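1. from the sequence below, what's the structure:
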Amino acid sequence: MKLAQNLPQREHILAIAERVSQKYSSPKGQCEFMTRDLMVALKNAGMRANHVMGNFHLDEPARFEYISSDDAEDGVDEYAVNHDWVEIGGKILDISAKQFQPYIHSPIPDILFISVGDPLANHYEQLGYADE
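-> Model prediction:
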């Protein structure tokens with residue numbers, strides 16, 4: 001019975017995430033903007049969430065794909081990319097993670113909504129929250 005009560009909210013969250021993600025032609029380099037838009041949409045729907053800033057850890061080196069030559073530093077970790085996502089109800093909600101698919105061995109759905117126990121959650125490293 002408890003699971004059935006949670007399903008409508010999950011579906012509502014996913015519908016909001018889908019609407020926001022469709023505003024962007026590509027998620028590459030857009031995680032901060034997409035996350036901010038998603039936070040506004042969730043807030044407008046009366047949901048509490050956090051904008052998380054951190055790193056996404058890749059299985060294959062590709063950091064050079066996500067930084068400009070002006071920002072390149074010696075000794076930078078080629079397996080970690082700055083990334084933003086939403087934390088809601090103790091879960092990770094990420095509408096821009098698909099950009100990392102070429103560098104991850106596991107499939108990434110277009111809308112990622114997972115618990116911290118999911119294997120994909122191991123790719124996320126939270127560093128802090130954005131002020132909203």
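
2. assign residue 107 to helix, strand or coil.
-> Taken by DSSP: H, G, I helix; E, B strand; the rest coil, the conformation at residue 107 corresponds to coil.

3. so what does it look like in phi/psi?
-> phi -70, psi 140 (degrees, to the nearest 10).

4. so what's it closest to, chain neighbours aside?
-> Nearest in space to residue 107, with sequence neighbours left out and distances taken as CB to CB, 6 or more residues apart in numbering, is residue 101 at 7.4 Å. Backbone N, C-alpha and C define where each C-beta goes, glycine included.

5. do residue 109 as well
-> residue 98 (7.5 Å).

6. my read is the residue nearest to residue 107 is in a helix, agree?
-> Yes. Counting by three-state DSSP, residue 101 is found in a helix.

7. my guess is it contacts residue 108. True?
-> Yes. Using CB atoms under 8 Å, residue 101 is in contact with residue 108, at 5.0 Å.

8. quick one: which of the two has more around it?
-> residue 108 (17 against 13; other CB atoms under 10 Å).

9. dihedrals phi and psi, residue 112?
-> According to degrees, to the nearest 10, residue 112 has phi -100, psi 120.

10. same thing with residue 104?
-> According to degrees, to the nearest 10, residue 104 has phi -120, psi 140.

11. where do the helices sit along this structure?
-> All helices of the chain, identified by DSSP state H, fall at 2-21, 31-44.
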